[in-house]
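Asker: Sharing a model prediction with you, sequence too.
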Amino acid sequence: MESIYGLTKNDLSLFLASHGRSKNLAVIIYETLYKKKSKQILSTETWNLLRNNYSFDLPVISVSSKANDGTYKFLIEFVDGKKVETVLIPFHKRYTICLSSQVGCAMKCSFCYTGTMGLTRHLKTSEIIGQYMVVKKFLETEIATAALIPNIVFMGQGEPLHNFDEVQKALEILLDSEGAALGPRQITLSTAGYLPGLKKFNLMPNINLALSLHSPFNQTRKDLIPITGQYPIEEIFSALDKVKLMKRQFITYEYLLIAEVNDGLKDADELQNLLGKRKSIINIIPFNPFPGSTYKRPTEESVENFKAMLVERKLRTMVRLTKGTEILAACGQLIS
């Protein structure tokens, strides 16, 4: 049975109208599903109609673990038994939920634990929303905070733009003011540069965009992100330059810093050539080791030195604080 969490408000309106009921009831249903309250009461007859046609089941948390820094990692299981990892990250009294978009991933990035899995399947819209719902419920019941709606990053398992249609629909639900009610700046989608999806990015609702860049050189980037051989940096940036940005909005360029791979003076110079005239923020992410990886994490000193080189070149730069490494919950460490 199809999940009700895969329906946009318009989908619900059309369903209700086809069964002789007012389209306006979709608002009550959305508020009840996502806000757990509504100013109006839905009739038992209408609820029965919905339950006879849609499943209200959410995925389940089969395993959870907590890092010393307060990061939680959840192994979430869907109705077919497939699983993904979802992460809840604390940031200054607020939380961010790191969502997965696929079971596994087809990108085969050499620095990423998920890349060793290969792709099993895309997630449905309802499974993306389901992750958010069960982790948000955990946040409210186990950590006892519901004051602030958690932010979302699509940086878990999978390439979001490779699952374009389902992610697009999930975003519509997450941003709906009568649904999950997140704001456009509360959601960030991270891509490895999957060009077919990137060319359609303007069809997505307004959200933040992050590119996993990791090197300004095609050959080095190809070693890290194999699809660079098919979609070179020049073509990726041609698509990025066409992305419509909101006022005071920048594209974030994630830069996984790996010792003796992409942390040199020539890398800094080429990043200046590439990003110096673009609205950008470089987010340095020190490499997070995982079982079987041959790459080395840079020292704190080398991270600061590389950041200083970029700042000297007038590139807006920050260093991402690593969280959840001891439970393999940090960037690039997720696997089912």
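Answerer: Thanks, I have it.
Asker: what's the closest non-adjacent residue to residue 229?
Answerer: Spatially, and ignoring its direct neighbours in sequence, residue 229 is nearest to residue 222 (5.0 Å; C-beta to C-beta, 6 or more residues apart in numbering). In this view, the C-beta of every residue, glycine as well, is placed from N, C-alpha and C.
Asker: Please save the CA atoms from the strand ranked longest in the chain in CSV.
Answerer: Longest strand of the chain, by residue count under DSSP state E: strand 83-91. C-alpha atoms of strand 83-91 as CSV (Å, rounded to 0.1, in the frame of the first residue of the first chain):
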residue,chain,number,x,y,z
LYS,A,83,18.4,0.0,5.6
VAL,A,84,20.1,3.3,5.5
GLU,A,85,22.0,5.4,8.1
THR,A,86,20.7,8.8,9.2
VAL,A,87,22.5,11.1,11.5
LEU,A,88,21.3,13.7,14.1
ILE,A,89,24.0,16.4,14.7
PRO,A,90,23.9,19.0,17.5
PHE,A,91,24.9,22.6,16.7
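Asker: strands paired with that strand, and their directions?
Answerer: strand 72-77 (antiparallel), strand 94-98 (antiparallel) (DSSP bridges).
Asker: Adding distance to residue 174 and mean neighbour count, write the ones you listed out as CSV.
Answerer: Shown next, in CSV, are those (distance: least, C-beta to C-beta, whole Å; neighbours: other C-beta atoms under 10 Å):
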stretch, distance to residue 174, mean neighbour count
strand 72-77, 17, 21
strand 94-98, 10, 21
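Asker: Tell me which of those approaches residue 154 most closely.
Answerer: strand 94-98 (8.1 Å; C-beta to C-beta).
Asker: after the closest one comes which helix or strand?
Answerer: strand 102-104 (DSSP states H and E).
Asker: Name the residues of the longest strand of the chain that are buried.
Answerer: 83-90 (16 or more other C-beta atoms under 10 Å).
Asker: same thing with stretch 163-172?
Answerer: So, applying 16+ other C-beta under 10 Å, buried residues of stretch 163-172: 163-164, 166-172.
Asker: ok, now stretch 294-306?
Answerer: 295, 297-298, 302-303, 306.
Asker: Which of these fall in strands?
Answerer: Among these, no member falls in strands (DSSP E).
Asker: and which of the residues you listed is nearest to residue 187?
Answerer: residue 303 (27.3 Å).
Asker: Does the closest one touch residue 284 like I think?
Answerer: Yes - judged on C-beta atoms under 8 Å, residue 303 makes contact with residue 284 at a distance of 6.4 Å.
Asker: Need the residues touching each of these two.
Answerer: Common contacts of residue 303 and residue 284 (C-beta atoms under 8 Å, 6 or more residues apart in numbering): 257, 319.
Asker: among the strands paired with strand 83-91, which is nearest residue 136?
Answerer: strand 94-98 (7.1 Å).
Asker: And the pLDDT at the spatially closest residue to residue 183 that is not a sequence neighbour?
Answerer: In this structure, residue 183 finds its nearest non-sequential neighbour in residue 175, 7.6 Å apart by C-beta to C-beta, 6+ apart. Looking at residue 175, its pLDDT reads 97.
Asker: show me the contacts for residue 175.
Answerer: So residue 175 contacts 181-184, 187, 205, 207 (C-beta under 8 Å, 6+ apart).
Asker: Mind checking which of those land in strands?
Answerer: Using DSSP E, these in strands are residue 187.
Asker: What segments of this protein are strands?
Answerer: 60-66, 72-77, 83-91, 94-98, 102-104, 119-122, 151-154, 187-191, 208-212, 251-257, 280-286, 317-319.
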